[in-house]
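> One predicted model, sequence on top.
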Amino acid sequence: MQARPGLTPAAAAAAIENPGPVPAALLSADRVVKRFGGVAAVDGVSFSLARGEILGLIGPNGAGKTTLFDCLAGSQAPTSGRILLDGRPIERLPAHRRLAAGLGRTFQIPRPFPQMTLLENVLLGCQHLAGERILPNWLSPGAVARAEREARDKAMALLDFVALAKLAHQPARVLSGGQRKLLELARVLMAEPALILLDEPAAGVNPSLLETIIERIAELNRRGTTILLIEHNMDLVSRLCGRVLVLASGRLLTEGPPAEVARDRRVIEAYLGGAAA
Ligand SMILES: Nc1ncnc2c1ncn2[C@@H]1O[C@H](COP(=O)(O)OP(=O)(O)O)[C@@H](O)[C@H]1O
Ligand SMILES: [Mg+2]
């Protein structure tokens, strides 16, 4: 093995023998419960997600996947349980504070503002633009104009990233379902989250756009973004995820590599039960 640059041979040998602590989880959930009346939609779910991982979350309809995302991202408060982002408890923070802390999410059914252009929709993902506050406009209009220009440039670059740059000045209502998913991804990326939760990124997407979506998710991950995704499309799941969690009736049934989990009898039964329900 070659010595690492910048280390003495002795230090390099020590580093190899003692690689240091295992990197802490970026996100962890500890016994998260969400009840609606008497029904526990999420019933004591614990898992952790390593920095840099793409983790899949699968399970039949009604299993509680979206509700778990709601609890993780802050659109619902969990009834009980703990959620740590980078070691800090976040379960009581509102969604915008979680986004500011680096946790972004997309929705199962994206709802862009239909009359606004794609560019305007993406700019909505921008956190606290100075021009939205009154005082900086008086004190430093030049800095405000610069920040707005930078935000527009960034939004355009993200529209390019999701292959929608050509439609930047069209109203969002012209988009197909799949394109709306990509627009939403661009909006969330404005905040540069370290972790993104994607709720069924491929549902209702035509096959050519599906390739774009898979490729863009892989590229995001190569650039360092950690990803947790809900998806029924097992082709997407097995191509992107090293590991999947299976949720059924609010509980984690099992976890493992996609190919193994897909063969698991309990998983097959859960899906058959879900289909019959
Ligand atoms: N706001 C809500 N009020 C009452 N019940 C809900 C609410 N949201 C979800 N549920 C119920 O929780 C269960 C899980 O739903 P959901 O999280 O959407 O499942 P999935 O995303 O796995 O299909 C379902 O039985 C659903 O009807
Ligand atoms: Mg759902």
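That came through fine. Treat the numbers as computed from the prediction; the structure is a model and nothing was measured. Residues are numbered from 1 along each chain as shown. Ligands and ions are numbered 1, 2, ... in the order given.
> residue ranges for the helices of this structure, please.
Along the chain, counting by DSSP state H, helices occupy 9-17, 65-73, 95-100, 118-123, 134-139, 141-161, 177-189, 207-222, 234-240, 258-263, 265-276.
> got the buried residues for the fourth one?
When burial is assessed from 16 or more other C-beta atoms under 10 Å, helix 118-123 yields the following buried residues: 118-123. Quick note: C-beta positions are derived from backbone N, CA and C, even for glycine.
> And for stretch 58-74?
58-60, 63-74.
> Residue of the stretch 51-200 of the chain closest to ligand 2, please.
residue 66 (3.2 Å; C-beta to the ion).
> how far away is that residue from residue 261?
20 Å (C-beta to C-beta, to the nearest Å).
> what does residue 252 give?
Taking C-beta to C-beta, one finds residue 252 at 11 Å from residue 261.
> shared neighbours of the two, which are they?
With contacts taken as C-beta atoms under 8 Å, 6 or more residues apart in numbering, the residues that reach both residue 252 and residue 261 are residue 246.
> which of those two has more neighbours?
Higher neighbour count among residue 252 and residue 261: residue 261, with 24 against 21, using other C-beta atoms under 10 Å.
> Kindly state the pLDDT recorded for that one?
With respect to pLDDT, residue 261 scores 94.
> which ones are touching it?
58, 244, 246, 254-255, 267.
> try 10 Å
Residue 261 makes contact with 56, 58, 234, 237-238, 241, 243-246, 253-255, 267-268 under the criterion C-beta atoms under 10 Å, 6 or more residues apart in numbering.
> Who wins on neighbours among these?
residue 244 (28 neighbours).
> I figured that one was touching residue 237, is that so?
Yes. Taking C-beta atoms under 10 Å as the definition, residue 244 is a contact partner of residue 237 at 6.1 Å.
> where do the contact lists of the two overlap?
Common neighbours of residue 244 and residue 237 (C-beta under 10 Å, 6+ apart) are 54, 56-58, 229, 231, 258-259, 261-262.
> Please list only the buried members of those.
Buried among the shared contacts of residue 244 and residue 237 (16+ other C-beta under 10 Å): 54, 56-58, 229, 231, 258, 261-262.
> Which residue, other than its chain neighbours, is closest to residue 65?
Nearest non-adjacent residue to residue 65, counting by C-beta to C-beta, 6 or more residues apart in numbering: residue 230, 4.7 Å away.
> near ligand 2, which residues of this structure?
65-66, 108 (C-beta under 5 Å from the ion).
> mind running it again at 8 Å?
Neighbours of ligand 2 within the chain, by C-beta under 8 Å from the ion: 61, 65-67, 69, 108, 199-200, 230.
> Sort the residues you listed by pLDDT and name the bottom one.
Comparing the residues of the chain next to ligand 2 by pLDDT, residue 108 comes last, at 91.
> That residue and residue 202 touch, don't they?
No. Using C-beta under 10 Å, residue 108 is not in contact with residue 202, being 11.3 Å away.
> Need the overlap of contacts for the two.
Common neighbours of residue 108 and residue 202, using C-beta under 10 Å, 6+ apart, are residue 181.
> ok, those two, which is more surrounded?
residue 202 (21 against 14).
> neighbours around the closest residue to the more buried one other than its chain neighbours, how many?
Closest residue in space to residue 202, ignoring its immediate chain neighbours: residue 233 at 4.5 Å, by C-beta to C-beta, 6+ apart. Per other C-beta under 10 Å, the neighbour tally for residue 233 reads 17.
> Pop out the phi and psi values for residue 233.
Main-chain torsions, residue 233, degrees, to the nearest 10: phi -80, psi 100.
> wait, doesn't residue 165 sit right on residue 157?
Yes. With contact defined as C-beta under 10 Å, residue 165 counts as touching residue 157 (8.6 Å).
> Show me the common contact partners of the two, please.
residue 186.
> So which bits of the stretch 1-150 of the chain are right by ligand 1?
Residues of the stretch 1-150 of the chain found near ligand 1 (C-beta under 6 Å from any ligand atom) are 36, 41, 59, 61-67.
> so where is the stretch 151-277 of the chain shaky, pLDDT-wise?
Scanning the stretch 151-277 of the chain for pLDDT under 70 picks out the ranges 274-277.
> again, only this time at 90
203-209, 270-277 (pLDDT under 90).
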